[in-house]
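Undergrad: Any chance you could fold what I've pasted below:
(one chain, ligands or ions: 2)
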Amino acid sequence: MFLVTAEEMREIDRKTIEEIGIPSIVLMENAGSQVAREMMQFIFKPAKIVILSGHGNNGGDGFVTARHLGNHGYDVQTWLIGSPEKFTPETTIHFNALIQSGYKVNIFSQDNELELKESLIKADIIVDALLGTGATGGLREPYKSIIQFVNQTNATKVAIDIPTGVNSNTGEVVELALIADYTITFALPKIGQYLYPGTEYIGKLKVVDISIPSIVIKEVDPRISLLSQNDLRTRLPIRKRNSHKGTYGHAFIIGGSKNMPGAITLATMAALRTGAGLTTSAVPASIQPMVFSRVPEAICIAMDEDSTGHFALNSIEALRLEEKNYTAIGIGPGIGQWELGLEWFKKLLLSINLPMIIDADGLNLLSKEIGLLDQRKSETILTPHPGEMARLIKRDVAYVEKNRIKVAKEFASQYGVYLLLKGAHSLIATPNGDLYLNPTGGPELAKGGSGDVLTGMITGFVAQKLPILDAVMLAVYLHGIAGNLASKPSNYSTIATDVIDKIGFAMSTLSNHVDALPTHFPGN
Ligand SMILES: NC(=O)C1=CN([C@@H]2O[C@H](COP(=O)(O)OP(=O)(O)OC[C@H]3O[C@@H](n4cnc5c(N)ncnc54)[C@H](OP(=O)(O)O)[C@@H]3O)[C@@H](O)[C@H]2O)[C@@H](O)CC1
Ligand SMILES: [K+]
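TA: Ligands and ions are numbered 1, 2, ... in the order given. Now for the predicted structure:
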C-alpha cells in the first residue's frame, strides 16, 4: 500500500475528477457517508454527537457525515467554525443539502462560545472536520482554543482524514493538535499519520474507499510504500524439501571486541534464525570461546587482535581469504572504535566484494571517510539509527528526526546504497529513490541488542540470495513483529534474546513457506 503526501492526494483527487469524470461532490459524498458508516460500527444510538466543521473540504465531509448520521436517527449537533463566504463549491452544496434535509447548523461566533462549550462537555462523540490535508502551519484562532478545549473533554474523538493540527506530510504538530481516538482517512494513508509526533495523535486508523480508481493511483505513482503482510508474504524464501544447508547461503558476520562480545553473539543467533544455511562469525581471538559457547550452531573463527582487544590490522588477510565461502557479510556489531580502526575498516571495505551490511561502529568508522562508499563494487546496506545517521551526514540528530524522509532518500541516492534509517517508524531508501516505511515494532525494541539482532537478520536474508530490497524489507518487518510477540507479558522486560526466540513465530505470521508435497485425497 502507498503512503501519500497532501500534494499526491490532491493530484489523485484531481485526476479522478477531471480524467475519470467522478465529480468532486460525489467524492465528498462518499467520504462523509463512509465516515458515518464506520462510526456506526462503534457508537450507540443515544450517544450525543457534536460535529465541528471548518469551511474547507474537510468541513464539507463533516456536513455529509452529519446528514448520514442524522438520517440514521442519531442525535447530531453540527457547528460551523469558519465563514460560509469561504466555503469551497463542494462544501457549499453539502452545507445546503444538510440544511435542506431539515438539520440545523450552528455558526460559531463569540456570542455563542459558551453554548458550544456546553455542547462539547455533554458530547459522547466529537467529530473533527475542521482541517484536513489543506492545513498549513500552526493552528490559528479560534481553532487553537477549541481544540485545546476538545482535548480536555471525556468524549470519544473521531478525526476526519487527519486530526486538526497534524501536518499530513511531516507529522509535525506545532504546539497543539486534536488527540483522536479514531482517524478515518480517505483512499490512502497520509505520510504524516506514520511520522512522529503525528502518529501519537491518530488513535486507531481506518482507511476507507471513496471510489478512487487504482489506475489513477498507479499513474500518480506515490514514492513511499507502507510494508504490509500481504506484500511480504510472497518474498519469504521457499524451503525446498529437496535441499541442504548449501542451498540457503552462508552468512558471515564480522564484529566483537574484548568488551563487547554480546553484540556479535546476538547478530549471529539472529542470522541463523532467519534460515541462512550456514552462519560464521569472525571475532577477536580472546572472545571466540565466549561467542562459540553461546551459539554452537554457528562457526566462529578467531582473528588476530591488538593489545586493546580489537581486530588487528593483519587480520584483513585472513578475512579476505574467507570471502569466497560466503554469500553476504555483516560488519559492525560490537566492533568498537580503536586507533587503527579506520585503516582496518577501509581495507576490509574495499577488498571484499560481497553484499555488505554495515552497522553500529562500522557506521561510525565509515562516517570518518564517507567517500569510501563510492569505491564499493557490490551492494552496500547501511542501518543507522538517527544518531549514526547524523554522524554520517554531519548534522545533528534533531535535523535527522525532523527530515527523516528527505535525509534517507538523498543519502541512498547520492551514495548508491540501501539505507535503513531506524527509529519510529523505520524507513528503507533504495539507490533509485524508492522509499518504504515499516509499520511494525514498538518500544520493546528500544533496548541495547535490538540493532544487532536486526543486522543479523538482514545478513541472514541477504545470504539466502534474496533481492537486497526483499531481504531488508523482510528483516525489518519481521524484527518488529518478533519484538511485539516478545513484549508479552511486559514490554519493559523484553530483551534481545527474547526477540530472537520469536523470529520463527514472526515468520509464521507471513506464511508457512515449505514446499508442498503433492496432495493425495483418501479414496472415497
Ligand atoms: N479534494 C477532494 O476532492 C476531496 C477532499 N476531501 C477532503 O478535503 C480535505 C482537504 O480539503 P481542502 O483542501 O479544502 O483543505 P482543508 O483541510 O479543509 O483546509 C482548508 C482550510 O483550512 C484553513 N487553514 C489552513 N491552515 C490553517 C491553520 N493553520 N489554522 C486555521 N485554519 C487553517 C484555510 O482557511 P483560510 O486560510 O482560507 O482562512 C482553508 O480554508 C481532505 O482532508 C478531505 O477531508 C474529501 O472530501 C474527498 C474529496
Ligand atoms: K480533521
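
Undergrad: Break down the stretch 301-450 of the chain into its strands, ranges please.
TA: 328-331, 356-358, 380-382, 418-421, 427-429, 435-437 (DSSP state E, counting those that start in this stretch).

Undergrad: The second one: how far from the chain's middle?
TA: Think strand 356-358. 21 Å (C-alpha atoms, centre = their mean, to the nearest Å).

Undergrad: now do the last one
TA: Strand 435-437 has its average C-alpha position 7 Å from the chain's average C-alpha position, going by C-alpha atoms, centre = their mean.

Undergrad: Paired strands for it, with orientation please.
TA: strand 224-226 (parallel), strand 427-429 (antiparallel) (DSSP bridges).

Undergrad: in stretch 82-98, what's buried?
TA: 82, 87, 88, 90, 91, 93, 94, 95, 97, 98 (16 or more other C-beta atoms under 10 Å). Backbone N, C-alpha and C define where each C-beta goes, glycine included.

Undergrad: now it: how far from the chain's centre is it?
TA: 36 Å.

Undergrad: what about that stretch and ligand 1, any contact?
TA: Yes: counting by C-beta under 6 Å from any ligand atom, contacts between stretch 82-98 and ligand 1 involve 86, 88.

Undergrad: Give me the distance between the two termini of that stretch.
TA: 16 Å (C-alpha to C-alpha, to the nearest Å).

Undergrad: Could you do stretch 483-503 as well?
TA: Stretch 483-503 end-to-end distance (C-alpha to C-alpha) = 8 Å.

Undergrad: how many neighbours does the residue in the stretch 251-400 of the chain positioned nearest to ligand 2 have?
TA: Proximity of the stretch 251-400 of the chain to ligand 2 (C-beta to the ion) peaks at residue 398, 27.7 Å away. Under the neighbour criterion other C-beta atoms under 10 Å, residue 398 is assigned a count of 10.

Undergrad: Helix or strand: which one has residue 126?
TA: Applying DSSP states H and E as the criterion places residue 126 in strand 125-129.

Undergrad: need the contact list for residue 250.
TA: Taking C-beta atoms under 8 Å, 6 or more residues apart in numbering, we find residue 250 in contact with 276, 277, 278, 279, 280, 325, 326, 327, 463.

Undergrad: check contacts around the last one.
TA: When you say that, I think you mean residue 463. 248, 249, 250, 251, 252, 271, 276, 277, 279, 326, 327, 328.

Undergrad: ditto for the fourth one
TA: In this structure, residue 279 makes contact with 250, 251, 252, 253, 268, 271, 272, 297, 298, 299, 460, 463, judged by C-beta under 8 Å, 6+ apart.

Undergrad: Of the residues you listed, just say which sits nearest to ligand 1.
TA: residue 460 (42.2 Å; C-beta to the nearest ligand atom).

Undergrad: picking that back up, mind checking how far the strand holding residue 126 is from the chain centre?
TA: That offset, for strand 125-129, works out to 27 Å (C-alpha atoms, centre = their mean).

Undergrad: average pLDDT for that strand?
TA: Averaged over strand 125-129, pLDDT sits at 98.

Undergrad: other SSEs contacting the longest helix along the chain?
TA: When the chain is parsed with DSSP state H, its longest helix is helix 468-486. Helix 468-486 sits against helix 229-233, strand 418-421, strand 427-429, helix 450-463, helix 496-501, helix 503-510, with contacts defined as 3 or more C-beta pairs under 8 Å, 6 or more residues apart in numbering; DSSP states H and E.

Undergrad: Look up how far ligand 1 lies from residue 214.
TA: 17 Å (C-beta to the nearest ligand atom, to the nearest Å).

Undergrad: swap in residue 130?
TA: 8 Å.

Undergrad: show me the contacts for that residue.
TA: 52, 53, 54, 58, 59, 81, 143, 146, 147, 164, 178.

Undergrad: near ligand 1, which residues of the stretch 101-250 of the chain show up?
TA: Going by C-beta under 6 Å from any ligand atom, the residues of the stretch 101-250 of the chain near ligand 1 are 131-140, 143, 160-161, 186, 210.

Undergrad: near ligand 2, from the residues you listed?
TA: Applying C-beta under 5 Å from the ion to these, one finds that residue 160 fall near ligand 2.

Undergrad: Out of the residues of the stretch 101-250 of the chain next to ligand 1, which end up buried?
TA: Judged by 16+ other C-beta under 10 Å, buried ones among those: 131, 132, 133, 135, 139, 143, 160, 161, 186, 210.

Undergrad: ok, the fourth one - contacts?
TA: The neighbours of residue 135, taking C-beta under 8 Å, 6+ apart as the test, are 164, 165, 167, 168.

Undergrad: returning to what we had before: closest one to ligand 2 among the strands paired with strand 435-437?
TA: strand 224-226 (20.8 Å).

Undergrad: Contact residues of the chain facing ligand 2?
TA: 128, 159, 160, 164.

Undergrad: Just give me the closest of those residues to residue 224.
TA: For those, the residue nearest residue 224 by C-beta to C-beta is residue 159; the value is 21.1 Å.

Undergrad: how close does the residue nearest to that closest one when sequence neighbours are not counted sit to ligand 1?
TA: Counting by C-beta to C-beta, 6 or more residues apart in numbering, residue 159 lies nearest to residue 180, which is 3.9 Å off, once chain neighbours are set aside. According to C-beta to the nearest ligand atom, residue 180 and ligand 1 sit 14 Å apart.

Undergrad: residues near residue 180, how many?
TA: So residue 180, with other C-beta under 10 Å, has 26 neighbours.

Undergrad: dump the residue contacts of it.
TA: 128, 157, 158, 159, 163, 201, 202, 203.

Undergrad: of all these, which two lie farthest apart?
TA: Farthest pair in those, by C-beta to C-beta: 158 and 201, 12.7 Å.

Undergrad: Those two - which one has more neighbours?
TA: Using other C-beta under 10 Å as the criterion, residue 158 and residue 201 rank with residue 158 on top: 28 against 25.

Undergrad: Pretty sure residue 407 sits against residue 388.
TA: No: the pair residue 407 and residue 388 fails to qualify as a contact (C-beta atoms under 8 Å) at a distance of 11.8 Å.

Undergrad: Filter the contacts of residue 180 down to the buried ones, ChimeraX style.
TA: Burial among the contacts of residue 180 is assessed by 16+ other C-beta under 10 Å; the matching ChimeraX selection reads:
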select :128,157,158,159,163,201,202,203
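
Undergrad: For the stretch 401-524 of the chain, which residue gets nearest to ligand 1?
TA: residue 402 (18.5 Å).

Undergrad: which residues touch that residue?
TA: The contact partners of residue 402, by C-beta under 8 Å, 6+ apart, come to 170, 172.

Undergrad: and the next element down the chain from the strand holding residue 126?
TA: Following strand 125-129 toward the C-terminus (DSSP H and E): helix 143-152.

Undergrad: Just the C-alpha atoms of the helix or strand immediately after that next one in the chain, please, in PDB.
TA: Next helix or strand after helix 143-152 toward the C-terminus (DSSP H and E): strand 156-160. Output in PDB follows, covering the C-alpha atoms of strand 156-160 (Å, rounded to 0.1, in the frame of the first residue of the first chain):
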ATOM      1  CA  THR A 156     -14.500   9.900  22.100                       C
ATOM      2  CA  LYS A 157     -12.800  11.900  19.400                       C
ATOM      3  CA  VAL A 158     -13.100  11.000  15.700                       C
ATOM      4  CA  ALA A 159     -10.900  12.800  13.200                       C
ATOM      5  CA  ILE A 160     -11.900  13.000   9.600                       C
END
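
Undergrad: Fine by me, we can end here.
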